[in-house]
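Chemist: coords below, sequence missing:
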């Protein structure tokens with residue numbers, strides 16, 4: 001009986017095909033209702049929806065999640081804060097890069113050259129992460145792979161039988 005359980009666990013640990021699924025959405029929020037950009041204008045569904053869209057990212061091998069906040073001075077409005085979240089396909093890596101306020105401030109002239117007249121970049125910060133797990137670009141939370149789950153069940157079974 002013990003050998004059958006071990007064979008079952010090992011068989012489940014090896015998949016014949018791997019499909020990389022990732023969430024795909026975008027959300028742009030602002031503290032000024034006149035400047036809110038609907039997610040539909042970005043070409044993505046909203047990350048605020050309960051029913052997030054998933055896409056096959058097997059070709060890229062990983063997922064991407066970008067989460068930034070920016071502050072601007074807009075001539076006709078005043079101070080404006082925005083938040084940007086983007087989830088999509090990405091590289092097959094497990095790495096996060098942060099852009100601190102100081103790093104973005106060092107690029108202030110370049111950023112302002114790309115903005116429309118009357119809009120000035122003040123500051124910003126955020127993270128861009130790529131990951132290789134299935135649906136790994138979702139909201140932070142506890143997740144466990146089927147292999148880790150089965151291994152922990154097997155160890156528990158062995159400890160109980162011991």
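Modeler: Received the coordinates, thanks. Only a predicted model underlies this, so the values are computations on that prediction, with no experimental measurement involved.
Chemist: Residue 88 touches residue 60, doesn't it?
Modeler: No: using Cβ atoms under 8 Å as the test, residue 88 is too far from residue 60 to be in contact (9.0 Å). Placement of C-beta: from N, CA and C, glycine included.
Chemist: how deep is the nearest residue to residue 71 once chain neighbours are set aside tucked in, by neighbour count?
Modeler: With Cβ to Cβ, 6 or more residues apart in numbering as the criterion, residue 71 has its nearest non-adjacent residue at 4.2 Å, and that residue is residue 122. For residue 122, the tally of surrounding residues (other Cβ atoms under 10 Å) stands at 16.
Chemist: And for residue 115?
Modeler: Number of residues near residue 115 (other Cβ under 10 Å) recorded here: 12.
Chemist: Skip the chain neighbours and tell me the closest residue to it.
Modeler: residue 121 (6.3 Å).
Chemist: Would you mind giving the secondary structure of that neighbour?
Modeler: strand (DSSP: H, G, I helix; E, B strand; the rest coil).
Chemist: hey, what's it bridged with?
Modeler: residue 72 (DSSP bridges).
Chemist: so who does it touch?
Modeler: Residues counted as contacts of residue 121 (Cβ atoms under 8 Å, 6 or more residues apart in numbering) are 70-72, 104, 108, 111-112, 115.
Chemist: For ChimeraX, what selects the buried ones among those?
Modeler: Buried residues among these (16 or more other Cβ atoms under 10 Å), as a ChimeraX selection:
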select :70,71,72,104
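Chemist: Of the contacts of residue 121, which belong to helices?
Modeler: Among the contacts of residue 121, the members found in helices (DSSP state H) are 104, 108, 111-112.
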